[in-house]
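**Student:** quick one: sequence and predicted model below, then my questions.
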Amino acid sequence: MGDAEEKIKVVVRVRDLIGREKDQLKAFTVQDATDIVQKNTNKSWTFDRVYSKLDNNRTVYSDTAAEIIEQTVSGFNTTIFAYGQTSSGKTHTMHGNPEEPGVIGMAVEQLFFAVEDTPDRRFLMQVSYLEIYNETVIDLLSDPKTRTAGGLKVRENETGDVYVENLEQKTVTSPEEIHRYMKLGEKSRHVGQTKMNDKSSRSHTIFRITLESTNRLTDDDTSIMEDAEEGRQVTVSQLNLVDLAGSEKAAQTGAGGARLKEGCNINQSLMVLGQVIQKLSGGDKGHINFRDSKLTRILQNSIGGNAKTAIICTVTPAAMSEEQTISTLRFASQAKTIQNHAMVNEVLDDQAQINRLKKDMAKLMKELEQQKKEANTDMVQEMREQLERERMEKEEHVRKIRELQEKVITSSQPAPPRKSMMFKKKERRETWCGPAMKRNMRMSFAPHKFLKPLLPLDINLPVLAEDPFPIQSESMANLSLASADFNMSHNTMEQQLDNMEAKRLSELDMMEEDE
(Lines give C-alpha, C1' and ligand atoms only; values in the text may rest on other atoms or scores of the structure.)
Protein backbone atom coordinates (compact mmCIF):
# COMPACT_ATOMS: atom_id res chain seq x y z
CA MET A 1 0.00 0.00 0.00
CA GLY A 2 1.09 3.58 -0.54
CA ASP A 3 3.33 5.53 1.77
CA ALA A 4 1.73 7.84 4.34
CA GLU A 5 4.35 10.60 4.59
CA GLU A 6 4.17 12.62 7.79
CA LYS A 7 6.48 14.28 10.26
CA ILE A 8 7.46 12.81 13.61
CA LYS A 9 5.16 14.07 16.36
CA VAL A 10 7.17 15.80 19.09
CA VAL A 11 5.83 16.99 22.46
CA VAL A 12 7.60 18.40 25.50
CA ARG A 13 6.67 17.70 29.11
CA VAL A 14 7.90 20.13 31.81
CA ARG A 15 7.73 18.59 35.28
CA ASP A 16 7.51 20.45 38.55
CA LEU A 17 10.51 21.11 40.77
CA ILE A 18 11.45 18.16 42.98
CA GLY A 19 12.91 18.12 46.52
CA ARG A 20 16.53 18.83 45.66
CA GLU A 21 15.44 21.67 43.32
CA LYS A 22 13.16 23.55 45.72
CA ASP A 23 15.67 26.34 46.22
CA GLN A 24 16.24 26.68 42.47
CA LEU A 25 14.71 29.35 40.24
CA LYS A 26 12.63 28.28 37.26
CA ALA A 27 14.50 29.03 34.04
CA PHE A 28 11.62 27.98 31.75
CA THR A 29 7.88 28.51 31.60
CA VAL A 30 5.05 27.05 29.48
CA GLN A 31 2.91 29.32 27.27
CA ASP A 32 -0.21 28.59 25.17
CA ALA A 33 0.18 24.77 25.42
CA THR A 34 2.53 24.76 22.42
CA ASP A 35 5.40 27.03 23.48
CA ILE A 36 8.13 26.84 26.10
CA VAL A 37 10.04 30.04 26.86
CA GLN A 38 13.49 30.54 28.36
CA LYS A 39 12.99 33.36 30.84
CA ASN A 40 16.38 35.10 30.86
CA THR A 41 16.60 35.31 27.03
CA ASN A 42 12.87 35.24 26.20
CA LYS A 43 13.68 32.63 23.53
CA SER A 44 10.69 30.48 22.57
CA TRP A 45 10.43 26.92 21.20
CA THR A 46 7.25 25.64 19.55
CA PHE A 47 6.15 21.98 19.41
CA ASP A 48 3.04 19.94 18.70
CA ARG A 49 2.20 20.21 22.37
CA VAL A 50 3.91 21.39 25.57
CA TYR A 51 2.65 19.92 28.85
CA SER A 52 3.01 21.70 32.17
CA LYS A 53 3.14 20.33 35.72
CA LEU A 54 -0.68 20.39 35.76
CA ASP A 55 -0.91 17.72 33.01
CA ASN A 56 -0.82 14.11 34.22
CA ASN A 57 0.14 10.91 32.35
CA ARG A 58 -3.39 10.33 31.04
CA THR A 59 -3.46 13.79 29.43
CA VAL A 60 -0.11 13.12 27.79
CA TYR A 61 -1.29 9.74 26.57
CA SER A 62 -4.63 10.96 25.20
CA ASP A 63 -3.11 13.77 23.16
CA THR A 64 0.06 12.03 22.03
CA ALA A 65 -0.12 8.23 22.10
CA ALA A 66 -3.78 7.21 21.66
CA GLU A 67 -3.84 7.80 17.90
CA ILE A 68 -0.54 5.93 17.47
CA ILE A 69 -2.06 2.81 19.07
CA GLU A 70 -5.01 2.88 16.67
CA GLN A 71 -2.58 2.99 13.74
CA THR A 72 -0.87 -0.13 15.10
CA VAL A 73 -4.09 -2.13 14.81
CA SER A 74 -4.46 -0.85 11.22
CA GLY A 75 -1.13 -2.44 10.25
CA PHE A 76 1.38 0.42 10.65
CA ASN A 77 4.67 0.15 12.52
CA THR A 78 4.60 2.63 15.42
CA THR A 79 7.04 3.93 18.03
CA ILE A 80 6.65 5.99 21.18
CA PHE A 81 9.72 6.94 23.18
CA ALA A 82 10.71 9.35 25.92
CA TYR A 83 13.90 11.42 25.71
CA GLY A 84 15.55 13.73 28.23
CA GLN A 85 18.22 14.17 30.85
CA THR A 86 18.41 11.93 33.87
CA SER A 87 15.75 12.52 36.52
CA SER A 88 13.54 14.56 34.13
CA GLY A 89 10.53 12.22 34.31
CA LYS A 90 11.01 9.78 31.38
CA THR A 91 10.43 6.56 33.32
CA HIS A 92 7.51 8.06 35.20
CA THR A 93 5.92 9.08 31.88
CA MET A 94 6.42 5.66 30.27
CA HIS A 95 5.83 3.32 33.25
CA GLY A 96 3.96 5.46 35.76
CA ASN A 97 3.14 4.10 39.21
CA PRO A 98 0.25 2.23 40.88
CA GLU A 99 -1.68 5.49 41.37
CA GLU A 100 -0.94 6.89 37.90
CA PRO A 101 -0.48 4.43 35.02
CA GLY A 102 2.16 5.27 32.44
CA VAL A 103 2.03 5.40 28.64
CA ILE A 104 3.00 1.73 28.26
CA GLY A 105 0.26 0.46 30.58
CA MET A 106 -2.43 2.61 28.93
CA ALA A 107 -1.22 1.59 25.45
CA VAL A 108 -1.66 -2.10 26.33
CA GLU A 109 -5.20 -1.47 27.56
CA GLN A 110 -6.16 0.49 24.45
CA LEU A 111 -4.61 -2.13 22.18
CA PHE A 112 -6.99 -4.79 23.44
CA PHE A 113 -9.94 -2.41 23.21
CA ALA A 114 -9.00 -1.71 19.58
CA VAL A 115 -8.83 -5.43 18.84
CA GLU A 116 -12.28 -5.86 20.35
CA ASP A 117 -13.61 -3.10 18.08
CA THR A 118 -12.24 -4.82 14.95
CA PRO A 119 -14.59 -7.80 14.42
CA ASP A 120 -13.61 -8.37 10.80
CA ARG A 121 -10.07 -9.52 11.67
CA ARG A 122 -8.32 -12.11 13.84
CA PHE A 123 -5.20 -11.19 15.81
CA LEU A 124 -2.08 -12.89 17.13
CA MET A 125 -0.17 -10.81 19.69
CA GLN A 126 3.42 -11.38 20.82
CA VAL A 127 5.69 -9.38 23.11
CA SER A 128 9.43 -9.05 23.59
CA TYR A 129 11.50 -6.97 25.99
CA LEU A 130 15.15 -5.98 25.53
CA GLU A 131 17.62 -3.56 27.01
CA ILE A 132 20.79 -1.98 25.65
CA TYR A 133 23.30 -1.88 28.49
CA ASN A 134 26.82 -0.66 27.74
CA GLU A 135 26.16 -1.31 24.04
CA THR A 136 25.14 -4.91 24.74
CA VAL A 137 21.67 -6.13 23.74
CA ILE A 138 20.09 -8.25 26.51
CA ASP A 139 16.83 -10.23 26.33
CA LEU A 140 14.95 -9.35 29.52
CA LEU A 141 12.42 -12.18 29.07
CA SER A 142 14.98 -14.94 28.75
CA ASP A 143 16.38 -17.02 31.59
CA PRO A 144 19.38 -15.10 33.02
CA LYS A 145 21.26 -18.39 33.33
CA THR A 146 21.11 -19.04 29.59
CA ARG A 147 22.02 -15.54 28.36
CA THR A 148 25.14 -15.21 26.27
CA ALA A 149 27.92 -13.05 27.64
CA GLY A 150 28.24 -10.96 24.48
CA GLY A 151 24.53 -10.30 24.19
CA LEU A 152 22.28 -10.69 21.15
CA LYS A 153 23.26 -9.77 17.58
CA VAL A 154 21.50 -7.11 15.53
CA ARG A 155 20.83 -8.33 11.98
CA GLU A 156 19.24 -7.11 8.80
CA ASN A 157 17.03 -9.28 6.56
CA GLU A 158 16.83 -9.36 2.79
CA THR A 159 14.20 -6.60 2.72
CA GLY A 160 16.34 -4.23 4.80
CA ASP A 161 14.41 -4.60 8.05
CA VAL A 162 16.52 -4.66 11.21
CA TYR A 163 15.86 -7.33 13.85
CA VAL A 164 17.48 -8.81 16.95
CA GLU A 165 18.56 -12.37 16.41
CA ASN A 166 17.24 -15.02 18.88
CA LEU A 167 15.10 -12.51 20.78
CA GLU A 168 12.35 -14.39 22.61
CA GLN A 169 8.74 -13.55 21.81
CA LYS A 170 5.93 -14.47 24.16
CA THR A 171 2.39 -14.96 22.85
CA VAL A 172 -0.21 -13.13 24.93
CA THR A 173 -4.00 -13.02 24.95
CA SER A 174 -4.78 -10.48 27.67
CA PRO A 175 -3.45 -7.26 29.21
CA GLU A 176 -2.64 -9.14 32.41
CA GLU A 177 -0.20 -11.40 30.60
CA ILE A 178 1.58 -8.41 29.12
CA HIS A 179 1.89 -6.71 32.51
CA ARG A 180 3.25 -9.93 33.96
CA TYR A 181 5.99 -10.12 31.31
CA MET A 182 6.81 -6.45 31.84
CA LYS A 183 7.32 -7.01 35.55
CA LEU A 184 9.45 -10.03 34.76
CA GLY A 185 11.66 -7.91 32.52
CA GLU A 186 11.90 -5.05 35.02
CA LYS A 187 13.49 -7.41 37.51
CA SER A 188 16.42 -7.94 35.15
CA ARG A 189 16.81 -4.32 34.05
CA HIS A 190 19.94 -2.44 35.14
CA VAL A 191 19.17 0.42 37.51
CA GLY A 192 21.36 2.26 39.99
CA GLN A 193 21.50 5.05 42.48
CA THR A 194 23.07 8.41 41.74
CA LYS A 195 22.94 11.86 43.27
CA MET A 196 20.31 12.80 40.67
CA ASN A 197 18.05 9.75 41.07
CA ASP A 198 17.66 7.02 43.64
CA LYS A 199 16.59 4.56 40.94
CA SER A 200 18.32 5.76 37.80
CA SER A 201 17.94 3.76 34.57
CA ARG A 202 21.37 2.58 33.46
CA SER A 203 20.18 1.24 30.11
CA HIS A 204 17.77 1.87 27.24
CA THR A 205 14.79 -0.48 27.09
CA ILE A 206 12.45 -1.36 24.20
CA PHE A 207 9.20 -3.16 24.92
CA ARG A 208 7.92 -4.43 21.57
CA ILE A 209 4.42 -5.70 20.79
CA THR A 210 4.08 -7.54 17.47
CA LEU A 211 0.53 -7.68 16.16
CA GLU A 212 -0.34 -10.08 13.35
CA SER A 213 -3.86 -10.06 11.93
CA THR A 214 -5.77 -11.74 9.14
CA ASN A 215 -9.21 -11.28 7.65
CA ARG A 216 -11.94 -13.03 9.60
CA LEU A 217 -14.09 -15.14 7.26
CA THR A 218 -16.31 -17.13 9.65
CA ASP A 219 -17.35 -17.13 13.29
CA ASP A 220 -15.83 -20.59 13.84
CA ASP A 221 -12.41 -20.16 15.47
CA THR A 222 -11.36 -23.64 14.30
CA SER A 223 -12.22 -23.04 10.66
CA ILE A 224 -9.59 -22.79 7.97
CA MET A 225 -8.68 -19.16 7.34
CA GLU A 226 -8.24 -19.41 3.61
CA ASP A 227 -11.30 -18.84 1.47
CA ALA A 228 -11.45 -19.70 -2.20
CA GLU A 229 -13.21 -16.52 -3.14
CA GLU A 230 -11.75 -13.87 -0.84
CA GLY A 231 -8.26 -15.12 -0.08
CA ARG A 232 -6.11 -14.41 2.94
CA GLN A 233 -4.87 -10.93 3.91
CA VAL A 234 -2.24 -10.77 6.66
CA THR A 235 -0.86 -7.62 8.27
CA VAL A 236 2.12 -7.55 10.63
CA SER A 237 2.84 -4.43 12.66
CA GLN A 238 5.15 -3.58 15.55
CA LEU A 239 4.62 -1.18 18.46
CA ASN A 240 7.90 -0.06 20.06
CA LEU A 241 7.59 1.48 23.53
CA VAL A 242 11.03 2.93 24.30
CA ASP A 243 12.32 4.21 27.62
CA LEU A 244 15.70 5.87 27.09
CA ALA A 245 18.24 6.34 29.82
CA GLY A 246 18.88 10.02 30.49
CA SER A 247 21.96 11.97 29.56
CA GLU A 248 23.97 12.90 32.61
CA LYS A 249 26.89 14.97 33.81
CA ALA A 250 29.34 13.20 36.05
CA ALA A 251 29.71 16.34 38.14
CA GLN A 252 26.00 16.33 38.95
CA THR A 253 25.47 12.58 39.32
CA GLY A 254 28.69 12.00 41.28
CA ALA A 255 29.13 8.80 39.28
CA GLY A 256 32.33 6.86 39.44
CA GLY A 257 33.59 3.40 38.56
CA ALA A 258 30.82 1.29 36.98
CA ARG A 259 28.31 4.14 37.14
CA LEU A 260 30.70 6.42 35.27
CA LYS A 261 31.19 3.80 32.55
CA GLU A 262 27.43 3.34 32.27
CA GLY A 263 26.97 7.11 32.00
CA CYS A 264 29.60 7.33 29.27
CA ASN A 265 27.91 4.61 27.22
CA ILE A 266 24.51 6.22 27.71
CA ASN A 267 25.82 9.60 26.63
CA GLN A 268 27.62 8.04 23.65
CA SER A 269 24.48 6.32 22.33
CA LEU A 270 22.39 9.46 22.88
CA MET A 271 25.03 11.51 21.06
CA VAL A 272 24.77 9.17 18.04
CA LEU A 273 20.99 9.44 18.22
CA GLY A 274 21.35 13.22 18.17
CA GLN A 275 23.69 13.05 15.16
CA VAL A 276 21.25 10.84 13.26
CA ILE A 277 18.37 13.19 14.08
CA GLN A 278 20.44 16.19 12.98
CA LYS A 279 21.37 14.62 9.62
CA LEU A 280 17.84 13.48 8.90
CA SER A 281 16.36 16.86 9.83
CA GLY A 282 18.84 18.58 7.51
CA GLY A 283 17.76 16.42 4.56
CA ASP A 284 21.14 14.72 4.34
CA LYS A 285 21.00 12.17 1.50
CA GLY A 286 24.45 10.76 2.24
CA HIS A 287 25.60 8.31 4.85
CA ILE A 288 23.53 8.20 8.04
CA ASN A 289 25.49 6.63 10.91
CA PHE A 290 22.75 4.31 12.25
CA ARG A 291 25.35 1.55 12.80
CA ASP A 292 27.41 3.62 15.24
CA SER A 293 25.06 2.65 18.06
CA LYS A 294 22.88 -0.37 18.88
CA LEU A 295 20.07 2.01 19.85
CA THR A 296 19.93 3.84 16.51
CA ARG A 297 20.42 0.58 14.62
CA ILE A 298 17.39 -1.06 16.25
CA LEU A 299 15.28 2.13 15.92
CA GLN A 300 16.34 2.77 12.32
CA ASN A 301 12.86 2.20 10.88
CA SER A 302 11.31 4.38 13.58
CA ILE A 303 13.43 7.42 12.68
CA GLY A 304 12.77 8.55 9.12
CA GLY A 305 11.62 5.10 7.99
CA ASN A 306 8.56 2.87 7.83
CA ALA A 307 6.85 3.91 11.06
CA LYS A 308 4.62 6.45 12.73
CA THR A 309 6.60 7.93 15.60
CA ALA A 310 5.93 10.14 18.61
CA ILE A 311 8.69 11.52 20.86
CA ILE A 312 7.98 12.74 24.40
CA CYS A 313 10.82 15.01 25.54
CA THR A 314 10.92 15.52 29.29
CA VAL A 315 12.67 18.50 30.87
CA THR A 316 13.06 20.17 34.23
CA PRO A 317 12.55 23.94 34.61
CA ALA A 318 15.26 24.22 37.29
CA ALA A 319 18.01 26.74 36.57
CA MET A 320 20.69 24.23 37.64
CA SER A 321 19.77 22.04 34.62
CA GLU A 322 19.29 24.88 32.14
CA GLU A 323 22.06 23.69 29.81
CA GLN A 324 20.71 20.11 29.61
CA THR A 325 17.17 21.41 29.07
CA ILE A 326 18.31 23.59 26.15
CA SER A 327 20.10 20.55 24.66
CA THR A 328 16.88 18.52 24.91
CA LEU A 329 14.84 21.30 23.28
CA ARG A 330 17.31 21.50 20.40
CA PHE A 331 17.02 17.75 19.91
CA ALA A 332 13.22 18.03 19.91
CA SER A 333 13.28 20.94 17.41
CA GLN A 334 15.36 18.90 14.97
CA ALA A 335 13.31 15.73 15.41
CA LYS A 336 10.00 17.42 14.57
CA THR A 337 11.22 18.21 11.02
CA ILE A 338 11.94 14.56 10.11
CA GLN A 339 9.61 12.94 7.59
CA ASN A 340 8.64 9.31 8.11
CA HIS A 341 7.24 7.10 5.34
CA ALA A 342 4.88 4.72 7.08
CA MET A 343 3.03 2.03 5.17
CA VAL A 344 0.78 -0.87 6.05
CA ASN A 345 2.80 -4.08 6.32
CA GLU A 346 0.54 -6.45 4.44
CA VAL A 347 1.05 -9.93 3.00
CA LEU A 348 -1.50 -11.34 0.55
CA ASP A 349 -1.93 -14.84 -0.86
CA ASP A 350 -2.64 -15.30 -4.56
CA GLN A 351 -6.44 -15.08 -4.30
CA ALA A 352 -6.27 -12.06 -2.00
CA GLN A 353 -3.90 -10.32 -4.43
CA ILE A 354 -6.34 -10.99 -7.28
CA ASN A 355 -9.20 -9.58 -5.24
CA ARG A 356 -7.12 -6.55 -4.28
CA LEU A 357 -6.24 -5.94 -7.93
CA LYS A 358 -9.91 -6.23 -8.89
CA LYS A 359 -10.86 -3.69 -6.25
CA ASP A 360 -8.08 -1.37 -7.37
CA MET A 361 -9.15 -1.77 -10.99
CA ALA A 362 -12.78 -1.04 -10.13
CA LYS A 363 -11.66 2.04 -8.24
CA LEU A 364 -9.54 3.22 -11.17
CA MET A 365 -12.43 2.64 -13.60
CA LYS A 366 -14.70 4.69 -11.40
CA GLU A 367 -12.14 7.48 -11.29
CA LEU A 368 -11.75 7.25 -15.07
CA GLU A 369 -15.50 7.57 -15.61
CA GLN A 370 -15.55 10.56 -13.33
CA GLN A 371 -12.71 12.13 -15.27
CA LYS A 372 -14.57 11.48 -18.54
CA LYS A 373 -17.66 13.20 -17.18
CA GLU A 374 -15.59 16.12 -16.06
CA ALA A 375 -13.79 16.17 -19.42
CA ASN A 376 -17.11 16.14 -21.32
CA THR A 377 -18.39 18.95 -19.16
CA ASP A 378 -15.22 20.90 -19.85
CA MET A 379 -15.53 20.17 -23.57
CA VAL A 380 -19.13 21.38 -23.72
CA GLN A 381 -18.19 24.49 -21.82
CA GLU A 382 -15.25 25.07 -24.17
CA MET A 383 -17.53 24.69 -27.23
CA ARG A 384 -19.99 27.13 -25.73
CA GLU A 385 -17.24 29.61 -25.14
CA GLN A 386 -15.98 29.13 -28.71
CA LEU A 387 -19.48 29.70 -30.15
CA GLU A 388 -19.89 32.76 -28.00
CA ARG A 389 -16.56 34.13 -29.26
CA GLU A 390 -17.59 33.50 -32.87
CA ARG A 391 -20.97 35.16 -32.29
CA MET A 392 -19.30 38.20 -30.83
CA GLU A 393 -16.83 38.34 -33.73
CA LYS A 394 -19.69 38.23 -36.25
CA GLU A 395 -21.59 40.93 -34.41
CA GLU A 396 -18.45 43.05 -34.40
CA HIS A 397 -18.02 42.44 -38.14
CA VAL A 398 -21.61 43.43 -38.86
CA ARG A 399 -21.20 46.54 -36.74
CA LYS A 400 -18.12 47.60 -38.69
CA ILE A 401 -19.93 47.04 -42.00
CA ARG A 402 -22.81 49.22 -40.84
CA GLU A 403 -20.41 51.93 -39.77
CA LEU A 404 -18.74 51.87 -43.18
CA GLN A 405 -22.12 51.98 -44.92
CA GLU A 406 -23.04 55.05 -42.94
CA LYS A 407 -19.83 56.74 -44.08
CA VAL A 408 -20.42 56.10 -47.84
CA ILE A 409 -20.83 59.36 -49.82
CA THR A 410 -23.66 59.38 -52.51
CA SER A 411 -25.02 61.94 -54.93
CA SER A 412 -28.20 63.79 -53.96
CA GLN A 413 -29.54 63.28 -57.50
CA PRO A 414 -31.68 60.25 -58.32
CA ALA A 415 -29.84 57.23 -59.64
CA PRO A 416 -30.08 56.67 -63.46
CA PRO A 417 -32.03 53.68 -64.88
CA ARG A 418 -30.12 50.45 -64.48
CA LYS A 419 -30.36 49.62 -68.27
CA SER A 420 -28.65 52.82 -69.39
CA MET A 421 -25.63 52.02 -67.21
CA MET A 422 -24.84 48.88 -69.20
CA PHE A 423 -22.52 48.83 -72.22
CA LYS A 424 -24.26 48.55 -75.60
CA LYS A 425 -23.51 45.41 -77.55
CA LYS A 426 -21.83 46.06 -80.86
CA GLU A 427 -24.10 45.06 -83.78
CA ARG A 428 -22.71 42.66 -86.34
CA ARG A 429 -22.34 43.91 -89.94
CA GLU A 430 -24.77 42.28 -92.32
CA THR A 431 -23.21 40.79 -95.51
CA TRP A 432 -24.48 40.53 -99.12
CA CYS A 433 -24.91 36.85 -99.21
CA GLY A 434 -25.08 33.85 -97.06
CA PRO A 435 -22.64 30.90 -97.00
CA ALA A 436 -24.41 29.00 -99.78
CA MET A 437 -24.14 31.94 -102.16
CA LYS A 438 -20.46 32.28 -101.42
CA ARG A 439 -19.84 28.62 -102.23
CA ASN A 440 -21.63 28.88 -105.62
CA MET A 441 -19.85 32.07 -106.42
CA ARG A 442 -16.52 30.37 -105.92
CA MET A 443 -17.66 27.54 -108.20
CA SER A 444 -18.92 29.94 -110.86
CA PHE A 445 -15.52 31.55 -111.24
CA ALA A 446 -13.93 28.29 -112.33
CA PRO A 447 -14.20 28.29 -116.21
CA HIS A 448 -13.18 24.64 -116.70
CA LYS A 449 -16.26 23.49 -114.81
CA PHE A 450 -18.74 24.91 -117.32
CA LEU A 451 -19.30 24.05 -121.03
CA LYS A 452 -21.43 27.08 -121.74
CA PRO A 453 -21.72 30.49 -120.22
CA LEU A 454 -24.19 31.23 -117.46
CA LEU A 455 -27.48 32.78 -118.32
CA PRO A 456 -27.61 36.57 -118.01
CA LEU A 457 -29.10 37.98 -114.84
CA ASP A 458 -32.49 39.54 -114.90
CA ILE A 459 -31.21 42.65 -113.29
CA ASN A 460 -29.71 45.35 -115.41
CA LEU A 461 -26.10 44.28 -115.08
CA PRO A 462 -23.53 44.00 -117.92
CA VAL A 463 -23.86 40.73 -119.86
CA LEU A 464 -21.01 38.29 -119.37
CA ALA A 465 -19.19 36.85 -122.43
CA GLU A 466 -18.09 33.23 -122.79
CA ASP A 467 -14.85 34.08 -121.07
CA PRO A 468 -16.10 35.58 -117.88
CA PHE A 469 -12.90 37.13 -116.68
CA PRO A 470 -12.26 39.74 -119.45
CA ILE A 471 -15.95 40.66 -119.61
CA GLN A 472 -16.10 40.85 -115.88
CA SER A 473 -13.11 43.10 -115.84
CA GLU A 474 -14.59 45.31 -118.52
CA SER A 475 -18.01 45.35 -116.92
CA MET A 476 -16.56 46.23 -113.59
CA ALA A 477 -14.69 49.07 -115.20
CA ASN A 478 -17.96 50.52 -116.56
CA LEU A 479 -19.69 50.37 -113.14
CA SER A 480 -19.90 53.43 -110.97
CA LEU A 481 -21.37 54.16 -107.58
CA ALA A 482 -23.50 56.82 -109.14
CA SER A 483 -25.22 54.45 -111.60
CA ALA A 484 -28.92 53.75 -111.18
CA ASP A 485 -28.22 49.99 -110.95
CA PHE A 486 -26.64 50.41 -107.48
CA ASN A 487 -29.25 52.81 -106.18
CA MET A 488 -31.90 50.11 -105.64
CA SER A 489 -33.03 49.26 -102.12
CA HIS A 490 -31.26 46.70 -100.09
CA ASN A 491 -34.21 44.33 -99.83
CA THR A 492 -34.77 44.40 -103.59
CA MET A 493 -31.12 43.62 -104.23
CA GLU A 494 -31.21 40.71 -101.80
CA GLN A 495 -34.33 39.28 -103.45
CA GLN A 496 -32.79 39.41 -106.92
CA LEU A 497 -29.65 37.70 -105.75
CA ASP A 498 -31.67 34.89 -104.20
CA ASN A 499 -33.59 34.38 -107.43
CA MET A 500 -30.42 34.38 -109.48
CA GLU A 501 -28.81 31.86 -107.16
CA ALA A 502 -31.75 29.49 -107.42
CA LYS A 503 -31.79 29.72 -111.19
CA ARG A 504 -28.07 29.02 -111.53
CA LEU A 505 -28.31 26.03 -109.23
CA SER A 506 -31.09 24.65 -111.36
CA GLU A 507 -28.99 25.03 -114.53
CA LEU A 508 -26.06 23.30 -112.92
CA ASP A 509 -28.20 20.37 -111.91
CA MET A 510 -29.46 19.99 -115.49
CA MET A 511 -25.95 20.11 -116.88
CA GLU A 512 -24.82 17.38 -114.52
CA GLU A 513 -27.74 15.18 -115.65
CA ASP A 514 -26.79 15.62 -119.37
CA GLU A 515 -23.26 14.55 -118.67
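**Tutor:** Cool, got the structure.
**Student:** distance check, the spatially closest residue to residue 101 that is not a sequence neighbour against residue 267.
**Tutor:** Excluding the flanking residues, the one nearest residue 101 by Cβ to Cβ, 6 or more residues apart in numbering is residue 57, at 6.5 Å. Where C-beta positions appear, they are placed from N, C-alpha and C, glycine not excepted. Per Cβ to Cβ, to the nearest Å, residue 57 is found 27 Å from residue 267.
**Student:** of the two, who's got more company?
**Tutor:** Between residue 57 and residue 267, counted using other Cβ atoms under 10 Å, the more crowded position is residue 57 (23 against 16).
**Student:** tell me the phi and psi of that one?
**Tutor:** Main-chain torsions, residue 57, degrees, to the nearest 10: phi -60, psi -40.
**Student:** in contact with the closest residue to residue 292 other than its chain neighbours, which residues?
**Tutor:** In space, and not counting its chain neighbours, residue 292 is closest to residue 272: 4.6 Å by Cβ to Cβ, 6+ apart. Shown in contact with residue 272 (Cβ atoms under 8 Å, 6 or more residues apart in numbering): 289, 292-293, 295-296.
**Student:** name whatever forms a beta bridge with residue 155.
**Tutor:** For residue 155, the beta-bridge partners under DSSP bridges are residue 163.
**Student:** report the contact partners of residue 311.
**Tutor:** Residue 311 sits next to 8-11, 80-83, 332, 335 when contact means Cβ under 8 Å, 6+ apart.
**Student:** ok, residue 321 - how many residues close by?
**Tutor:** 25.
**Student:** burial of the nearest residue to it once chain neighbours are set aside, as a residue count?
**Tutor:** Leaving aside its sequence neighbours, residue 321 sits nearest to residue 85 (Cβ to Cβ, 6+ apart; 6.4 Å). Neighbours of residue 85 under the rule other Cβ under 10 Å: 24.
**Student:** which element is residue 364 on?
**Tutor:** helix 350-406 (DSSP states H and E).
**Student:** for that helix, the distance to its chain's centre please.
**Tutor:** Relative to its parent chain, helix 350-406 has a centroid offset of 21 Å by Cα atoms, centre = their mean, to the nearest Å.
**Student:** quick one: list the elements packing against it.
**Tutor:** Using 3 or more Cβ pairs under 8 Å, 6 or more residues apart in numbering; DSSP states H and E as the contact criterion, no helix or strand is in contact with helix 350-406.
**Student:** change it to 10 Å
**Tutor:** Applying 3 or more Cβ pairs under 10 Å, 6 or more residues apart in numbering; DSSP states H and E, one finds that helix 350-406 contacts strand 233-243, strand 346-348.
**Student:** still on that earlier bit, just the buried residues of the contacts of residue 311.
**Tutor:** By neighbour count, with 16 or more other Cβ atoms under 10 Å, the contacts of residue 311 hold 8-11, 80-83, 332, 335 as buried.
**Student:** shouldn't residue 258 be in contact with residue 133?
**Tutor:** No - Residue 258 is not in contact with residue 133 according to Cβ atoms under 10 Å; the separation is 11.0 Å.
**Student:** those two: which has the busier surroundings?
**Tutor:** residue 133 (21 against 12).
**Student:** OK, contacts around the closest residue to that one other than its chain neighbours?
**Tutor:** Counting by Cβ to Cβ, 6+ apart, residue 133 lies nearest to residue 203, which is 3.9 Å off, once chain neighbours are set aside. Residue 203 is in contact with 130-134, 136, 138, 140, 189-192, 243-245, 262, 265-266, 269, 295, counting by Cβ atoms under 10 Å, 6 or more residues apart in numbering.
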